[in-house]
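Enquirer: quick one, structure for this:
(2 chains)
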Amino acid sequence: MSKKLKRVLVSLLVGATVLTLAGCGSSGSTSTSTTKATVSGEINGGGSTSVQKIIDAAGSEFTALNPDAKFTYSGTGSSDGIKGATAGTYSFGCASRELKTEEKGNLTELIFAYDGIAIVVNPANTVTNLTKDQVAKIYMGEITNWSEVGGADAPIVVVSREDGSGTRDAVEELVGFKEKLKADATIKEGNGNVQTTVAGNTNAIGYVSLTFVDKTVKAIDVDGVKATVDNVKNKTYPISRPFLAMYDESKVDDATLAFLDFLMSTEGQAIVEEHGGIAV
Amino acid sequence: MQAIKRKKQKEKIIEGFFLICAFVAVVSVLAITAFVFYNGLKPFISNSYPLWDFLTGVEWRPGSNLYGIFYMIVGSVYATFGAILIGVPVAILTAVYISEMASSRIGKKIRFAVELLAGIPSVLYGVFGLGIVVPYVLNISPMAQGESLLATILVLAIMILPTVVSISETSISAVPKEYREGSYALGASKIQTIFKVVVPAARSGIMTGVILGIGRAIGETMAVMLVCGNPIAGIPTSLFDQIRPLTTNIALEMGYASGVHQELLYSTGVVLFIFIMIINLAVNKLIKAKVGS
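Expert: The predicted structure follows:
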């Protein structure tokens, strides 16, 4: 009995030691070879959730081409991506909005795609077009009934994103109701939640990344322009924004640079398009 | 002699190991408290945001430098109170039924269901709430959206059931058989026995269950976030108003926040922390007072 306990104790200790050593090992290992053929090393990116689909797809393609490289991306939000890139906890960060001046620091920014944001309503809603001004007024609470914009006589349920969300920032900026969101708007976390809410309430209006829109909701035209990838690309669709990757020049490693090069290559840009982004 | 000595030494070592394990909990609670309080009190000590405005404000607009959490405190309290009001009676009656009335076959089945309920991840309660409760509330609500205090209360009431039921049931079962026999001997009926003898005797255990239920309700985040609506301002005045509890405020914005905004989210955590401590202490006192009388 006591022998058994001793053995358990010893194995626990050994396990802990091994774990500690392994932890040291991984942070110490950087890519040693500078040959162009393949890259090795760990790339851990993080930040905006809006770019996750694109970055994940590009990452798995990149690791397929470079089997020695390890790739992870954590979708934790734009601000976190910027912080992580500045602190060096991420080898690169991603943001789905422009950086604020106090956030820029030593970061090198790279625009790798553009995104459109779709204004979505319930499929049962008869409204098909809103002007940017009308959208702003709905979100500020100046228009509160669908009949005021040519729809049925029903109250408008405004659905917005949480404060600090890149999508919310982008919409408030691009549509023009910065910091004037009406007080009783329903706040949902993440594109998926907004979409579920709008799909479940006939009178709701919301906004999601164009890459997220599916059949459960209806994307409406803004200023008479359809919310399509083509229209964002030719810059006629008014609600669009850049997707940024950034890194600290002094801390960045070869593997990360190789990945970002890949992302900007024709192949990488093809992945961007495949996942609903708009190539630069 | 030597064998005994060695045995004693071994005992000491093992005891030390247990002590280390026990320390993990103590150190964790101290570390979490210190971390939350350190970060949460920073904005008030460094004067980057006035404490009074933080506690009494009714609008949360980080972009406009407005960080008021009073309406969230009200929302949290209402939601918790409502959940207790609905959940606790149901839970206690369930516990009474399982331990006093049901045949062992049915009792086992109900107990199994309650235990299963405890194991469901809270996000799934939220998804259930968003898919079933919110549309149902929308049907009966004068408001245009179903996300509301009522939806939050209903989801929370279900979530606290397992905690309250299992602890109440344990303490009801622990009431000595003699109490019941004495009651029957005096000619009391089964129902009289249960409510006049058994439940009062199990009171302290039931109260413990209720405290833990309150703790669960006020601290619940994921499920609530999906059904409460999270508005940026406004004290709820009806069951159909949307609320933003303290917990979801932190969870919603922590990923994106920076600077003072982030620190004030920690401050929200401090308020939540104090709330839970007050509730625990108050109810503990209540139990002691009752047991003493």
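
Enquirer: in the chain, which residue is closest to the centre?
Expert: Went with chain A since none was named. Geometric centre of chain A, nearest residue: A:Ser50, 2.1 Å, by CA atoms, centre = their mean.

Enquirer: chain B is the one I meant
Expert: Centroid-nearest residue in chain B, with CA atoms, centre = their mean: B:Arg216, separated by 1.8 Å.

Enquirer: in the stretch 1-150 of chain A, what residue lies closest to chain B?
Expert: Residue nearest to chain B within the stretch 1-150 of chain A: A:Gly77 (3.7 Å; CB to the nearest CB). To be clear about C-beta, it is placed using only N, CA and C from the backbone, and glycine gets the same treatment.

Enquirer: mind checking pLDDT for that residue?
Expert: On pLDDT, A:Gly77 comes in at 84.

Enquirer: got the residues of chain B near chain A?
Expert: Applying CB under 8 Å from any CB of the partner chain, one finds that chain B approaches chain A through B:10, B:14, B:17, B:59-64, B:130-131, B:134-135, B:138, B:144-147, B:225-226, B:229-234, B:242, B:244, B:251-253, B:255-258, B:261.

Enquirer: once you drop chain neighbours, what's closest to the residue of chain A found nearest chain B?
Expert: Chain B sits closest to A:Gly164 of chain A, with a gap of 2.8 Å, by CB to the nearest CB. Nearest residue to A:Gly164 in three dimensions, chain neighbours excluded: B:Tyr256, at 2.8 Å (CB to CB, 6 or more residues apart in numbering or on different chains).

Enquirer: and the one you found, what's its pLDDT?
Expert: Listed pLDDT for B:Tyr256 reads 70.

Enquirer: repeat for the one 5 residues further on
Expert: Here, the pLDDT recorded for B:His261 equals 89.

Enquirer: thinking again about what came up before, the residue of the stretch 1-150 of chain A closest to chain B contacts A:Ser48, correct?
Expert: Yes - between A:Gly77 and A:Ser48 there is a contact under CB atoms under 8 Å: 6.7 Å.

Enquirer: list the contacts of whatever residue of the stretch 1-150 of chain B ends up closest to chain A.
Expert: Distance from chain A to each residue of the stretch 1-150 of chain B (CB to the nearest CB) is smallest for B:Ala144, at 4.0 Å. By CB atoms under 8 Å, 6 or more residues apart in numbering or on different chains, the residues touching B:Ala144 are A:Ala154, A:Pro155, A:Ile156, A:Val157, A:Asn201, A:Asn203.

Enquirer: confirm that it sits in a strand.
Expert: No - under DSSP: H, G, I helix; E, B strand; the rest coil, B:Ala144 sits outside any strand and is assigned coil.

Enquirer: quick check: it vs B:Phe240, distance?
Expert: Relative to B:Phe240, B:Ala144 is positioned 10 Å away (CB to CB, to the nearest Å).

Enquirer: likewise B:Val199?
Expert: 34 Å.

Enquirer: ok, now B:Thr33?
Expert: With the distance defined as CB to CB, B:Thr33 ends up 37 Å from B:Phe240.

Enquirer: between the two, who's got more neighbours?
Expert: It is B:Phe240, of B:Thr33 and B:Phe240, that has more neighbours when counted by other CB atoms under 10 Å in any protein chain shown, with 20 against 13.

Enquirer: now do stretch B:207-219, average pLDDT.
Expert: Mean predicted confidence for stretch B:207-219 is 89.

Enquirer: let's see that stretch as CSV, backbone CA atoms only.
Expert: Only the C-alpha atoms of stretch B:207-219 are listed here, as CSV (Å, rounded to 0.1, in the frame of the first residue of the first chain):
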residue,chain,number,x,y,z
MET,B,207,-30.9,26.7,3.7
THR,B,208,-27.4,25.6,2.6
GLY,B,209,-28.9,24.4,-0.6
VAL,B,210,-30.7,27.7,-1.1
ILE,B,211,-27.4,29.7,-0.5
LEU,B,212,-25.6,27.6,-3.0
GLY,B,213,-28.6,28.1,-5.4
ILE,B,214,-28.3,31.9,-4.9
GLY,B,215,-24.6,31.7,-5.6
ARG,B,216,-25.2,29.7,-8.7
ALA,B,217,-27.9,32.1,-9.9
ILE,B,218,-26.0,35.3,-9.3
GLY,B,219,-22.8,33.9,-10.7
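
Enquirer: how distant is that stretch from the center of its chain?
Expert: 4 Å (CA atoms, centre = their mean, to the nearest Å).

Enquirer: element containing B:Arg111, please.
Expert: helix B:104-119 (DSSP states H and E).

Enquirer: and that helix, what's its mean pLDDT?
Expert: The model assigns helix B:104-119 a mean pLDDT of 92.

Enquirer: before we move on, what about stretch A:85-105?
Expert: Mean pLDDT, stretch A:85-105: 88.

Enquirer: also stretch A:119-136?
Expert: Regarding stretch A:119-136, the rounded mean pLDDT is 94.

Enquirer: for that stretch, buried residues please.
Expert: Counting neighbours by 16 or more other CB atoms under 10 Å in any protein chain shown, one finds that the buried residues in stretch A:119-136 are A:Ile119, A:Val120, A:Val121, A:Asn122, A:Asn125, A:Val127, A:Leu130, A:Lys132, A:Gln134, A:Val135, A:Ala136.

Enquirer: just give the nearest non-adjacent residue to the last one, would you?
Expert: The one in question is A:Ala136. Nearest to A:Ala136 is A:Phe177, by CB to CB, 6+ apart, at 4.4 Å.

Enquirer: which pLDDT value belongs to that neighbour?
Expert: 90.

Enquirer: pretty sure it sits against A:Glu142.
Expert: No - assessed by CB under 8 Å, A:Phe177 is found out of contact with A:Glu142, at 9.6 Å.

Enquirer: those two: who's more crowded?
Expert: A:Phe177 (22 against 14).

Enquirer: got a list of what the more buried one touches?
Expert: Contacts of A:Phe177 were listed using CB under 8 Å, 6+ apart, and they are A:Ala136, A:Tyr139, A:Met140.

Enquirer: generate a markdown table for these, with secondary structure and distance to B:Ala188 as supplementary columns.
Expert: Formatted as a markdown table, those follow (DSSP: H, G, I helix; E, B strand; the rest coil; distance: CB to CB, whole Å):
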| residue | secondary structure | distance to B:Ala188 |
| --- | --- | --- |
| A:Ala136 | helix | 70 |
| A:Tyr139 | helix | 64 |
| A:Met140 | helix | 66 |
